[in-house]
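Chemist: Please work out how this folds:
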Amino acid sequence: MDPDQTLPDVTQFSTWKELVEATQQTCRKVTDDSDNTQLIDHREAELLLLRECQAQSFPEEITALKTHKHIPIHSRLTCLAPEWDPETNVLRVGGRLRRLESPSVEQIHPMVLDPQHPATKLLIKDFDERLLHPGTERVYAEIGRQYWILRGRQAVKHHQLSCVSCQRWRAQHKVPPMADLPPERLRLLCPPFYSTGVDCFGPYHVKIGRRIEKRWGVIFKCLTTRAVHIELLNSMDVDAFLLALRRFIARRGRPKEIRSDCGTNFRGAERELREAFAAMEPQLKEQLADYQILFKFNPPNAPHFGGVWEREVRSIKAALQVAVGSQSVSEDVLSTVLVEVECILNSKPLGYVSADVADLDPITPNLLLMGRRDASLPQVAYASGEMGRRRWRHCQNLVDQFWYQFTRNYLPVLQTRQKWHKPSDNLAVGSVVLIIDPQLPRAQWPIGKVVKTVVSKDGCVRTADVLVKGKVYTRPVARLILLPAFEDDTKDS
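Modeler: Numbering: from 1, shown residues only. I've put the predicted structure just below:
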């Protein structure tokens with residue numbers, strides 16, 4: 001019986017071990033002294049498979065070498081100077097190392113394999129699993145001891161891209177291109193804090209008598225003019241934030257919309273405001289319908305969605321580190337320092353500061369809030385008889401000058417995308433993903449299945465709902481790592 005004609009179908013197996021065992025069961029060896037049969041050994045079964053693999057991949061080369069002819073000039077094996085091994089009936093690399101004194105023939109003349117053949121792919125998978133999924137170079141070097149796979153390094157990389165274990169340990173997240181600026185960033189000719197971003201920072205220790213207590217800060221950031229307002233919180237609960245919001249509205253005016261992260265204090269404030277508004281009388285509802293504040297929340301674990309105010313939090317922390325340090329101060333001192341830091345941030349120029357003396361001074365948020373670019377500079381004084389008309393005209397000129405320079409000098413700076421330029425494929429529903437959690441080691445990151453995607457106006461998916469063990473989590477795409485699909489994904493989801 002010719003064993004080559006009874007080999008199992010390679011495409012029906014998922015591992016190299018199963019394929020070799022099936023070959024052993026199919027190709028039996030008959031003994032000479034009895035009618036009993038015995039299985040061929042593991043090495044013989046591998047040779048049968050590799051011989052069939054070479055016969056399907058290199059038929060012209062094998063025919064030419066068997067008849068002692070030169071291989072075709074267009075062959076993929078020309079640079080390898082292939083040889084035919086009559087002992088094992090396989091195709092080997094001839095190469096230039098024939099004079100090397102080595103006891104192992106396989107290291108000098110390894111067997112040639114086609115990377116596209118299914119048996120070769122199973123062999124690469126077997127090496128990768130036996131070596132516990134190391135890097136590409138480690139697997140490629142180990143395979144090179146016995147086999148010469150054409151474009152072997154690329155073949156190993158291609159396998160590891162589809163290997164769940166390799167991708168779980170080494171895959172990186174893919175961020176879609178940077179989105180266009182949201183409408184909240186482009187509310188031109190609107191009053192300051194019309195569109196506001198809010199975030200908390202801290203805690204900081206204050207001395208009250210003989211005891212030490214914690215205090216937090218809350219920053220309100222105008223998303224268009226980049227003006228800053230800072231309040232001090234006694235606690236991180238809903239009531240404290242609502243009181244800070246009332247103080248902010250009394251001093252800066254009511255914002256049309258507020259964006260924030262998914263902090264529990266912000267979520268609670270939005271819920272209480274909504275419930276209080278629903279409990280009002282119908283007549284009062286009609287009167288206050290145009291005055292309610294629209295709350296918008298960013299996805300959880302997505303600080304880059306609120307980079308405008310997150311960057312200011314960093315500036316506030318740096319200023320407090322210089323002014324206060326690690327010492328515990330009184331609550332009045334901390335409140336005063338926060339107000340001074342607020343003034344410093346509102347005095348920062350918007351856009352590029354030119355070194356040319358002839359250029360106008362850059363605009364600052366204080367130009368709208370206080371009528372002057374810096375709080376340390378005095379305001380213009382008017383005579384008592386000219387106070388009314390000229391002061392109104394001066395304020396109007398300051399506002400016009402601010403918006404003129406804002407649209408001419410600062411707004412074009414926002415055109416460029418500083419990062420995330422490369423496009424990527426959108427995350428699809430049903431994809432298996434690994435959720436990045438910086439608080440946990442990578443081995444404990446949960447695996448789930450995407451059940452819903454949120455498509456932006458530019459067609460990119462930047463937020464998705466992931467099902468993990470019966471619970472749905474909303475996460476940005478920047479916190480998700482796409483894994484290859486595998487059959488057992490229902491257990492993790």
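Chemist: Quick one: the strands in the stretch 151-300 of the chain, in order.
Modeler: 195-208, 211-222, 228-233, 257-260, 294-297 (DSSP state E, counting those that start in this stretch).
Chemist: Looking at the ones you listed, which is nearest to Q116?
Modeler: strand 294-297 (49.3 Å; CB to CB). C-betas here are computed from N, CA, C, even on glycine.
Chemist: just to revisit the earlier point, compare the strands of the stretch 151-300 of the chain and give me the one nearest E87.
Modeler: Nearest to E87 among those is strand 294-297; the distance by CB to CB comes to 71.9 Å.
Chemist: That closest one pairs with which strands, parallel or anti?
Modeler: Using DSSP bridges, the strands paired with strand 294-297 in its sheet are strand 257-260 (parallel).
Chemist: pLDDT on the strand it pairs with, on average?
Modeler: Taken as a whole, strand 257-260 has an average pLDDT of 88.
Chemist: Ok, which of the strands of the stretch 151-300 of the chain comes nearest D41?
Modeler: strand 294-297 (65.1 Å).
Chemist: Show me how far the closest one is from its chain's centre.
Modeler: In this view, strand 294-297 has its centroid 24 Å away from the chain centroid, taken as CA atoms, centre = their mean, to the nearest Å.
Chemist: hmm, who's touching the helix or strand that comes right after it?
Modeler: Downstream of strand 294-297, the next assigned helix or strand under DSSP states H and E is helix 307-323. Applying CB atoms under 8 Å, 6 or more residues apart in numbering, the external contacts of helix 307-323 come out as 185, 197-199, 201, 204, 217, 219, 221, 223, 226, 228, 230, 303-304, 337-338, 340-341, 344-345.
Chemist: In PyMOL, select just the buried ones from those.
Modeler: Buried residues among the contacts of helix 307-323 (16 or more other CB atoms under 10 Å), as a PyMOL selection:
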select buried, resi 185+197+198+199+201+204+217+219+221+223+226+228+230+337+338+341+344+345
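Chemist: Can you pull out the low-pLDDT segments for the chain?
Modeler: 1-6, 29-39, 102-103, 277, 280-281, 283-291, 352-360, 373-396, 486-493 (pLDDT under 70).
Chemist: one step back: got the strands of the stretch 151-300 of the chain as TSV, with distance to K469 columns?
Modeler: Listed next are those as TSV, based on distance: least, CB to CB, whole Å:
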stretch	distance to K469
strand 195-208	30
strand 211-222	33
strand 228-233	35
strand 257-260	28
strand 294-297	24
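Chemist: List just the one of the ones you listed that sits closest to R251.
Modeler: Closest to R251 of those is strand 228-233 (CB to CB; 7.4 Å).
Chemist: what helices or strands is the closest one leaning on?
Modeler: Strand 228-233 sits against strand 211-222, helix 238-252, helix 331-346, with contacts defined as 3 or more CB pairs under 8 Å, 6 or more residues apart in numbering; DSSP states H and E.
Chemist: now, of those, which is deepest in the fold?
Modeler: Each of those was scored by mean neighbour count; the highest is strand 211-222, a mean of 20, by mean count of other CB atoms under 10 Å.
Chemist: Give me the residues contacting it.
Modeler: The list of residues contacting strand 211-222 from outside it, by CB under 8 Å, 6+ apart, reads 192-206, 227-236, 241, 244, 248, 252, 308-309, 312-313, 316, 328, 331, 334, 338, 365.
Chemist: Go again with 6 Å.
Modeler: Contacting residues not belonging to strand 211-222 are listed as 192-193, 196-206, 228-233, 236, 244, 248, 308-309, 312, 328, 338 [CB atoms under 6 Å, 6 or more residues apart in numbering].
Chemist: Off-centre distance for that strand?
Modeler: Offset of strand 211-222 from its chain centre (CA atoms, centre = their mean): 30 Å.
Chemist: Sheet-wise, list the partners of it with their directions.
Modeler: Strand 211-222 has these strand partners (DSSP bridges): strand 195-208 (antiparallel), strand 228-233 (antiparallel).
Chemist: any chance of these in CSV, with distance to R267 too?
Modeler: Putting these into CSV (distance: least, CB to CB, whole Å) gives the following:
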stretch, distance to R267
strand 195-208, 12
strand 228-233, 16
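Chemist: what about P446, distance to V472?
Modeler: Using CB to CB, to the nearest Å, we find P446 at a distance of 12 Å from V472.
Chemist: Compare those two (neighbour count), which wins?
Modeler: Between P446 and V472, P446 has the larger neighbour count (other CB atoms under 10 Å), namely 17 against 11.
Chemist: what sits against the more buried one?
Modeler: I435, V468.
Chemist: run the last query once more with 10 Å
Modeler: By CB atoms under 10 Å, 6 or more residues apart in numbering, the contact set of P446 is 433-437, 440, 466, 468-469, 471, 473, 492-493.
Chemist: And the helices and strands packed on strand 228-233: which comes nearest P282?
Modeler: helix 238-252 (24.0 Å).
Chemist: Check which helices and strands that closest one is in contact with.
Modeler: strand 195-208, strand 211-222, strand 228-233, strand 257-260, helix 264-278 (3 or more CB pairs under 10 Å, 6 or more residues apart in numbering; DSSP states H and E).
Chemist: I would like the residues contacting the shortest one, please.
Modeler: Yep, that's strand 257-260 we're talking about. If you take CB under 10 Å, 6+ apart as the criterion, strand 257-260 is touched by 182-184, 187, 193-200, 218, 220-221, 223, 241, 245, 248, 266-267, 269-270, 293-298, 305-306, 308-309.
Chemist: mind running it again at 7 Å?
Modeler: Residues from elsewhere that reach strand 257-260, judged by CB atoms under 7 Å, 6 or more residues apart in numbering: 184, 195-199, 266, 293-298, 306.
Chemist: so which of the residues you listed comes closest to Q54?
Modeler: Here the nearest of those to Q54, counting by CB to CB, is N298; it sits at 57.2 Å.
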